[in-house]
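Participant: structure of the sequence below:
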Amino acid sequence: MFDKIEDILRRYEDITMELNDPYVVSDQNKFRNLMKEQKSLEALVECYQEYKKCKQTIDDSLQLLDEESDPDMKEMLREELSEAKYRIPELENQLKILLLPKDPNDEKNVIVEIRAGVGGEEAALFAADMYRLYTRYAERQNWRVETMSVEDTGIGGIKDVSFMIKGAGAYSRLKFEGGVHRVQRIPATESGGRIHTSAITVAIMPEVEDVEVEIDMNDCKFDVFRASGNGGQCVNTTDSAVRLTHLPTGIVISCQDEKSQQQNKAKALKVLRAKLYELEEQKKHNSEAALRKSQVGSGDRSDKIRTYNFHQGRVTDHRINLTLYKIDQIMDGDLDEIIDSLIAADQAEKLAAE
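Facilitator: Predicted coordinates:
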């Protein structure tokens, strides 16, 4: 492990030298790629430097303890030694995690789709709540949200919504959110006070560049129509909305958030690329699942991943048996504790498989 880390450290130092080269600075593409590579290695390098510092502290403390006669100084050295020894196993585990193969999609923006499932109007109301949850989470991360299309019910619910979240590491934080989210609560539409169970599906897809998925435009059928719902004059009074049908797969995408057909067409193609990429990834996942079943992020959109019980004030993630009694905070976008736990579980599983 440490030979590999030393190689990475040398590569990091080489990059740092290159970034100070005026010829590299003048080549913006190369400079940007080197900066990106340096950033990807930074956490590992910092962790390894702290590890070496702790090892040096242990060696120095042991040597000084043999030479020191002052009781107070000896006690201080023992404390430093104990603290450094305590940190070593933690840092070694952290280094192992940082050496795990990285998901190439982790730094990408994400396209999110939320669809109301079983439960009628209550499912649509919950879909609207979840749209707000992810929007609020994005705000907490200083990410940007771009809505692509919304089909609402007219009384506050949403049948389905597609939106993009733009920000560094968005996919790495949200990739485990895909699946069925179940809600148990008394619906606003229920007069008898009975608790209902409804569900929505969430799809999380990384934004895909043109070069990653090639689309044959002969396979695409475009229809235009007048946008509906909230919008400015140009949005609602011209045939600016676009419906894209991908003939080989039957995928249909509607985009109506922008003012022009061209803008909506570009967004629709972006979603199509993400969906085609997801289909390919799903095929890979299905072939790998026969060899190894992943506990976290199984990739199956039909998996029930989480339950939101408003009556008991709890949220339970079924994949890792995590229950938190802070539903109000979570529905306001406070997802970090759940996401951090999912990432930790996924890393632990990968380490166990190494």
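Participant: from here on, just use CA atoms for contacts and neighbour counts.
Facilitator: Will do.
Participant: what pLDDT, on average, does the longest strand along the chain get?
Facilitator: Using DSSP state E, we find that the single longest strand of the chain is strand 196-206. For strand 196-206, mean pLDDT rounds to 91.
Participant: report the buried residues of the following helix or strand past that strand.
Facilitator: Reading on from strand 196-206 to the C-terminus, the next helix or strand found by DSSP states H and E is strand 220-225. Residues 220, 224 are the ones in strand 220-225 that count as buried (16 or more other C-alpha atoms under 10 Å).
Participant: tell me what the helix or strand Glu79 falls within is packed against?
Facilitator: Here Glu79 sits within helix 71-98, counting by DSSP H and E. If you count contacts as 3 or more C-alpha pairs under 8 Å, 6 or more residues apart in numbering; DSSP states H and E, helix 71-98 packs onto helix 28-67, helix 336-353.
Participant: quick check: angle from it to helix 28-67?
Facilitator: Helix 71-98 runs at 150 degrees relative to helix 28-67, counting by axes from the mean of the first three to the mean of the last three C-alpha atoms, to 10 degrees.
Participant: so which bits of helix 71-98 are buried?
Facilitator: 74, 77-78, 80-81, 84, 88, 91-92, 94-98.
Participant: could you pull up the mean pLDDT of that helix?
Facilitator: Rounded mean pLDDT across helix 71-98 is 90.
Participant: next SSE downstream of that helix?
Facilitator: Next along the chain after helix 71-98, with elements defined by DSSP H and E, is strand 110-116.
Participant: run the angle between that next one and strand 196-206 for me.
Facilitator: 160 degrees.
Participant: give me the helices and strands touching strand 110-116, please.
Facilitator: So strand 110-116, by 3+ C-alpha pairs under 8 Å, 6+ apart, packs with helix 121-140, strand 158-166, helix 170-174, strand 196-206.
Participant: what's the burial count for Tyr137?
Facilitator: 20 (other C-alpha atoms under 10 Å).
Participant: what pLDDT is listed against it?
Facilitator: For Tyr137, pLDDT reads 97.
Participant: wait, it touches Ile330, no?
Facilitator: No. Using C-alpha atoms under 8 Å, Tyr137 makes no contact with Ile330, being 9.1 Å away.
Participant: all strands of the stretch 201-350 of the chain, in order?
Facilitator: 220-225, 241-246, 251-255, 304-309, 314-317, 322-324 (DSSP state E, counting those that start in this stretch).
Participant: can you list the strands that the third one pairs with?
Facilitator: To tie it back to what came earlier, the one meant is strand 251-255. The pairing partners recorded for strand 251-255 under DSSP bridges are strand 241-246 (antiparallel).
Participant: and the partner strand with strand 220-225, angle?
Facilitator: 160 degrees.
Participant: from the buried residues of helix 71-98, pick the one nearest Thr16.
Facilitator: Within the buried residues of helix 71-98, the smallest distance to Thr16 is 20.0 Å, found for Leu98 (C-alpha to C-alpha).
Participant: give me the spatial nearest neighbour of that closest one, chain neighbours excluded.
Facilitator: Sequence neighbours aside, Leu44 is the residue nearest to Leu98 in space, at 5.9 Å (criterion: C-alpha to C-alpha, 6 or more residues apart in numbering).
Participant: what of Leu65?
Facilitator: Once flanking residues are discounted, Leu65 sits nearest to Lys74: 6.0 Å by C-alpha to C-alpha, 6+ apart.
Participant: how much space between that neighbour and Asp59?
Facilitator: As judged by C-alpha to C-alpha, to the nearest Å, Lys74 and Asp59 stand 14 Å apart.
Participant: then Thr201?
Facilitator: Thr201 is 55 Å from Asp59, by C-alpha to C-alpha.
Participant: the two - which one has more neighbours?
Facilitator: Thr201 (24 against 12).
Participant: coming back round to it: with the buried residues of helix 71-98 in mind, which one is nearest to Ala188?
Facilitator: For these, the nearest to Ala188 is Ile97 (45.3 Å; C-alpha to C-alpha).
Participant: is it true that the closest one touches Ala352?
Facilitator: No. Ile97 is beyond contact range of Ala352, at 10.9 Å (criterion: C-alpha under 8 Å).
Participant: wait, what's in contact with the closest residue to Asp328 other than its chain neighbours?
Facilitator: Nearest residue to Asp328 in three dimensions, chain neighbours excluded: Gly313, at 7.6 Å (C-alpha to C-alpha, 6+ apart). Contacts for Gly313 (C-alpha atoms under 8 Å, 6 or more residues apart in numbering) come out as 325-328.
Participant: for those, which one is nearest Tyr277?
Facilitator: Set against Tyr277, the nearest of the contacts of Gly313 by C-alpha to C-alpha is Ile327 (33.5 Å).
Participant: surely the closest one touches Arg314?
Facilitator: Yes. The pair Ile327 / Arg314 is scored as a contact, 5.4 Å apart, by C-alpha under 8 Å.
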